[in-house]
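>>> how would this look folded up:
(2 chains)
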Number of protein chains: 2
Amino acid sequence: MNTHQTNFNKMNPIELTHVRIVDSFWTPWQKLVKESIIPYQWNALNDQIPGAEPSRTIKNFEIAANRTEGKHYGMVFQDSDLYKWMETVAYSLHLDKDEQWEKVMDDVIRLIEDAQEEDGYLNTYFSVNHPDKKWTNLKDDHELYCIGHLIEAAVAYYEATGKDKIIKIVNKAVDHIREVIGKEEEKLSGYPGHPEIELALMKLFKITGKETYIDLCRFFIEERGKRNPTHFFDEECKKLGVEPDKDYSYYQAHLSSREQATAEGHSVRAMYLYSGIADLASSLKDEELLEVCRTLWENTVTKRMYVTGGIGSSSYEERFTVDYDLPNDRAYTETCAAIALIMWAHRMVQIEADSKYTDILERALYNGALSGISLDGKSYFYVNPLEVWPHTANCRHDMDTVKTTRQPWFGCACCPPNIARLLASLGQYIYSSNESELYVHLFISGETKFPIHGEQVRLIQRSNYPWDGNINFQIEVEKKASFTLAVRIPDWCKQSKVLVNGREILVEEEKGYAKIAREWESNDEVTVILDMKVEIVRSHPQVRENAGKVALQRGPIVYCLEEKDNGGNLQDIRLDSNQTFSVDHDDSLLNGVTIVNGKGWKTQSEMDQNQLYTTDSLSFNETNIIAVPYYAWSNRGENEMLVWIREK
Amino acid sequence: MNTHQTNFNKMNPIELTHVRIVDSFWTPWQKLVKESIIPYQWNALNDQIPGAEPSRTIKNFEIAANRTEGKHYGMVFQDSDLYKWMETVAYSLHLDKDEQWEKVMDDVIRLIEDAQEEDGYLNTYFSVNHPDKKWTNLKDDHELYCIGHLIEAAVAYYEATGKDKIIKIVNKAVDHIREVIGKEEEKLSGYPGHPEIELALMKLFKITGKETYIDLCRFFIEERGKRNPTHFFDEECKKLGVEPDKDYSYYQAHLSSREQATAEGHSVRAMYLYSGIADLASSLKDEELLEVCRTLWENTVTKRMYVTGGIGSSSYEERFTVDYDLPNDRAYTETCAAIALIMWAHRMVQIEADSKYTDILERALYNGALSGISLDGKSYFYVNPLEVWPHTANCRHDMDTVKTTRQPWFGCACCPPNIARLLASLGQYIYSSNESELYVHLFISGETKFPIHGEQVRLIQRSNYPWDGNINFQIEVEKKASFTLAVRIPDWCKQSKVLVNGREILVEEEKGYAKIAREWESNDEVTVILDMKVEIVRSHPQVRENAGKVALQRGPIVYCLEEKDNGGNLQDIRLDSNQTFSVDHDDSLLNGVTIVNGKGWKTQSEMDQNQLYTTDSLSFNETNIIAVPYYAWSNRGENEMLVWIREK
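Numbering: from 1, shown residues only, chains lettered A, B, ... in the order given. Model (predicted):
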């Protein structure tokens, strides 16, 4: 199978199997996934974590497979917890074979096979509890969503091991879907309330080459939000005897896919849908559909995204709201949404070869996504605000989704496995190639192998990124090879140099990539020097909550102030943005971080405690401020945190 | 009856009957109440407003009185809508007799009499719908609350007309309560979940002189929150077979009354309770209980009050939260709570003769309470935030209680009648007297009559307050009379002068009152000149939302910026607090207001629309800013509004 698709893509990712990460920043995270998160989550799925809420996921499958008796327990999408875990395991098997986990996976796959019904139907909730209600509520019931996650797991496992039993299961499941849903009169003209299967079907097409998968994806995307003349969700509600929703923007079904121009509704659903649309647009070479992606992208990242790459500013419906509505203390910015933005960005850069997508990918990766997990991998944020005051966040109901410290991952099963699969699959985001170019998107040390004109090329990358902007590449070829090394020059970098074998060269920069075209020999070295200053970031004046405030960023890392380093009442600190900041790398702090030191002024809080308002001036003290990476906040106990600092 | 109480009070209010308001600021408001609000609300109570939600209040009484058949409609506290309206009518009858409305009142009183049960029980909801559930849920069922409002109406009507039928009804109702609730074994050891009857009983004592009313009030206050060893609300829940609440702070019943030290829970309930406690403390000369009031007062006004005198910063449970938690855009600050703060302050100043209470009374009156009603009296705010962005407030669910324009008053029946009774009873807040002193608390033109040493004194007050700080008093006496005129020097005033008959005199100031002791003759004139500058107000540094921001105040009026005058994106305006502001009185604007003009800088919003974050500096334009009184905002259509302005 493994066809090389013909599509809009200007490049394709170098796959996990060909990328090895040996990086002082990321390797410890990947190790955490393998050694700690995967076994822990497996125990959770098997209800073997003492004191944790039961998951019952494996039990549900055993009941559906008639291996035991009972009723299904949990959400309609409980199956997806297993599938996301499987996907994580599959990624971790790409480079490091592990017989024990491969055996567990094979057993689980047999269990899934047994739980699948004769006709291909696969969802333990409906098989066990409500066989009569299958496919009656595509809007809310997540049957397609679960199959989507199974497909992603299947593709990852097949790519890691070459074993195709799980591919057969998903083929059968999708064939069943195609019998139930489709253009024909007797079929449902429907699509999932929670997009996910669209991008999964495109992955399935990629490894099977079967056009039917593209067709089904296309059907879902083309039908979405249409009125023919009735909206499918209205029809569905009518059949169910319930009141239709007034507005389907929560589901990104308020308009047809081609009419959508602003990022609306549940932010994770939106990102999964847009990723699927991007895949389809590329595959069909559908310029109009690609333009939809470009428009949605611009709206997302230039109107509705936090500086951390977090998206979805409202806890109600975990959704986007309106342009420039980005409150810091009540940001929802679900970890999963930042991850899903990474997935979409990854697709867009393959199509457009434009680093503006990778810049956002990197921003979300090092900030809004990574903040979701504690340094020890044992606790998680679902919600990633940019300003936390425990004093009020713990008492105000309009902040009740804000947790002031990370929570054990098993409290709910959505973000933790999602960040685990991101970390396990990180290798796929680093490089892309086409016939004559190798693109370096991310600065993560390690190596990759890729063929250029039939020759195997090995590229070794070394750096101290994200703390240092000097990136070294070493090329190893069997014989001389001509190709272009395209290295991303990040948007945060104002001055960069490229040296080849120690000598600075002038390079053409194209859409944010420095392109070094050359006939390469072994031991050729490229050094890219990215000037990594502490930058003062300001928001668009319409971002009301950030008026008069600045954020600190160095390289891809967005910084924050924590009470631990700066005392309480962080809002009383003002920063002189004209100063030169100093930086220090502290190996012992927060698993090793570079901190930013600067001068600020802090309002004296010795004002008469019996006075709430005054016409006197407030006095200020000069104070040293210490900023730490945002992703690493809240690893030293509960305390105040602030990204946007008042500017003097 | 009408006994002169012996208590802690250093003075007593001069009652409505002896105060006539002829004031360019307030008379139009009082006219609105009489000519527009009273008839309108009467029609509403009778379901005669086309298109409005039905009230059914009068119908409920007719059913309870067996004049017609049917079921009760509405809330358990629906009766209180009628009582609050009656109280308003009664106040308006004090000076201006009106036969038509007096007849309506007498008819209504007969209706109430008929609705009262044989044993004195009076609540149409339970009489009609659930006679079996009387007195089973004091925590939530508002039976005592409704009787409290009836008592207030009864006292006001009796004082206005001398008619005592309604007093007999309330005597009977209270006697019934005393049979059900009390110390004795067989009685309920309970108290109301919504305080109100406490302060009402003290009013009833004042006109009847019956100590039993004090005793009942004392019982409610002493039992409140006690554990004997079980909490009464726990016992009640147990009998009802429902789960007890974890925390009774919402009801101010988390601690016994004497243990309470911080303003907690539902802010209106809190204010009504504290008012009742103040009345009781004074009446019993209970220093410990008075100290509770002082402590609660300091916590309320120095930790938990907005600059507008608004209180209750959380829409959830309409409650207080924690010290310094005063978000502007999500302030709840119910109109009723500001009104209730006025009521409490009014009691405290009688006891303590300290203008710090009157200063808060005035702040709440001219700002947080008055903002609750539109200039035409036809629409109302329940929620009075200090910053409104329609763009986000209309879309964010964590701001769903924020209305961006005032709503027709009949949407809910709580704040509109409350502001109506405040305006109708305004006269009682202006003056107090004791044997030898006349206190002037508020600067409202008109006149009052009061006896000093058996002589009738007439005081005529004239000013253009709140726009001008020159206040003129003229004394008329039958023969020379010695007494002290104590005129409040407001906290906002930094320089004041007192002239007697045109000559400046040195006056002793005692707890914020300038005391002019003299033998007065007719035509003696006192002029108090209060320097009324535009003041720059800052918040305590721990008020996070106001860090780096200032508010403008002139005299008692807190100002705000409106989009109408200053363009949108008000958060982008910075103010130089070192400037001298100019003021203009504009008779044609907002029914006549003094506006504040100043210079500011506004961030240019021409930043690239495709850029959300930048490391460039933002540019600023000098701009004229126009501030209007906060109370008058949103009378020119929906627009942005901001009280706390960024300081340059």
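>>> phi first, then psi, for A:Val628.
The phi and psi values for A:Val628, taken as degrees, to the nearest 10, are phi -120, psi 160.
>>> ignore what I typed, I meant A:Arg636.
Main-chain dihedrals, A:Arg636, degrees, to the nearest 10: phi -130, psi 40.
>>> number of residues surrounding A:Leu296?
24 (other Cβ atoms under 10 Å in any protein chain shown). Backbone N, C-alpha and C define where each C-beta goes, glycine included.
>>> burial measure for the closest residue to it other than its chain neighbours, as a count.
With Cβ to Cβ, 6 or more residues apart in numbering or on different chains as the criterion, A:Leu296 has its nearest non-adjacent residue at 5.5 Å, and that residue is A:Tyr274. For A:Tyr274, the count of nearby residues is 29 (other Cβ under 10 Å).
>>> wait, isn't A:Tyr274 in contact with A:Met343?
No. Contact between A:Tyr274 and A:Met343 fails when scored by Cβ atoms under 8 Å: they sit 9.2 Å apart.
>>> thinking again about what came up before, buried sites along the helix or strand hosting the residue nearest to A:Leu296?
Assessed by DSSP states H and E, A:Tyr274 sits inside helix A:267-284. Within helix A:267-284, the residues that count as buried by 16 or more other Cβ atoms under 10 Å in any protein chain shown are A:267-284.
>>> state the mean pLDDT of that helix.
Averaging pLDDT along helix A:267-284 gives 98.
>>> from the chain's centre, how far out does it sit?
Remark: helix A:267-284 is offset 14 Å from the chain centroid, using Cα atoms, centre = their mean, to the nearest Å.
>>> how many residues are close by the nearest residue in space to A:Arg488 that is not next to it in sequence?
In this structure, A:Arg488 finds its nearest non-sequential neighbour in A:Ser355, 4.9 Å apart by Cβ to Cβ, 6+ apart. By other Cβ under 10 Å, 25 other residues sit near A:Ser355.
>>> now swap in A:Met532 and tell me
A:Met532: 23 neighbours (other Cβ under 10 Å).
>>> so A:Arg421 sits against A:Tyr91, correct?
Yes. Counting by Cβ under 8 Å, A:Tyr91 is a contact partner of A:Arg421 at 6.4 Å.
>>> mind splitting chain A into its structural domains?
A:12-429, A:431-530, A:534-647 (automatic domain parsing).
>>> mean neighbour count, those: which tops it?
Highest mean neighbour count among these (mean count of other Cβ atoms under 10 Å in any protein chain shown): domain A:12-429, with a mean of 21.
>>> what distance separates the start and the end of it?
Taking Cα to Cα, to the nearest Å, the first and last residues of domain A:12-429 lie 10 Å apart.
>>> touching, A:Gly469 and A:Gly555? I think so.
Yes. At 6.3 Å, A:Gly469 counts as touching A:Gly555 under the criterion of Cβ under 8 Å.
>>> name the residues contacting each of the two.
Shared contacts of A:Gly469 and A:Gly555, defined by Cβ atoms under 8 Å, 6 or more residues apart in numbering or on different chains, are found at A:493, A:530, A:532.
>>> quick one, strands of the stretch 251-400 of chain A?
In the stretch 251-400 of chain A, the strands defined using DSSP state E, counting those that start in this stretch lie at A:379-380, A:387-388.
>>> which of those comes out lowest on mean pLDDT?
Among the strands of the stretch 251-400 of chain A, strand A:379-380 scores lowest, at a mean of 89.
>>> check which helices and strands that strand sits against.
strand A:407-408, helix A:415-424 (3 or more Cβ pairs under 8 Å, 6 or more residues apart in numbering or on different chains; DSSP states H and E).
>>> chain center to it, what's the gap?
That offset, for strand A:379-380, works out to 16 Å (Cα atoms, centre = their mean).
>>> other residues contacting it?
With contact meaning Cβ under 8 Å, 6+ apart, strand A:379-380 is reached by A:335, A:372-374, A:405-409, A:415-416, A:419.
>>> let's go with 6 Å and repeat that
A:372-373, A:406-409, A:415-416 (Cβ atoms under 6 Å, 6 or more residues apart in numbering or on different chains).
>>> and stretch A:407-425, by the same measure?
Residues outside stretch A:407-425 that contact it (Cβ under 6 Å, 6+ apart) are A:29-30, A:33, A:37, A:44, A:52, A:81, A:84-85, A:87-88, A:91-92, A:335-336, A:339, A:372-373, A:379-380, A:382.
>>> related to what we said a few turns ago, how near is the residue nearest to A:Leu296 to chain B?
Remark: distance between A:Tyr274 and chain B (Cβ to the nearest Cβ, to the nearest Å) = 18 Å.
>>> A:Lys480 too?
Counting by Cβ to the nearest Cβ, the gap from A:Lys480 to chain B is 41 Å.
>>> just to check, that residue is in contact with A:Glu521?
Yes. The pair A:Lys480 and A:Glu521 passes the contact test of Cβ atoms under 6 Å, sitting 5.4 Å apart.
>>> quick one, helices of the stretch 101-250 of chain A?
Chain-ordered helices for the stretch 101-250 of chain A, with DSSP state H, counting those that start in this stretch as the definition, fall at A:124-128, A:143-161, A:165-180, A:197-208, A:211-223, A:232-240.
>>> for these, which one sits closest to chain B?
Evaluated with Cβ to the nearest Cβ, the helices of the stretch 101-250 of chain A place helix A:232-240 nearest to chain B, the distance being 21.3 Å.
>>> contacts only, for the residue nearest to A:Trp26 when sequence neighbours are not counted.
Take A:Trp26 and drop its neighbours on the chain: the residue closest to it by Cβ to Cβ, 6+ apart is A:Ile444, 5.5 Å away. Contacts for A:Ile444 (Cβ under 6 Å, 6+ apart) come out as A:21, A:23, A:26, A:430.
>>> now do 10 Å
Taking Cβ atoms under 10 Å, 6 or more residues apart in numbering or on different chains as the contact definition, A:Ile444 lies against A:19, A:21-23, A:25-27, A:365, A:426-427, A:429-431, A:461, A:463, A:465-466, A:471.
>>> A:Leu618 now?
Taking Cβ under 10 Å, 6+ apart as the criterion, A:Leu618 is in contact with A:572, A:603-607, B:538-541, B:547-548, B:647.
>>> turn those into CSV, columns for secondary structure.
Shown next, in CSV, are those (DSSP: H, G, I helix; E, B strand; the rest coil):
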residue, secondary structure
A:Asp572, helix
A:Thr603, strand
A:Gln604, coil
A:Ser605, coil
A:Glu606, coil
A:Met607, coil
B:Arg538, strand
B:Ser539, strand
B:His540, coil
B:Pro541, coil
B:Ala547, coil
B:Gly548, coil
B:Glu647, strand
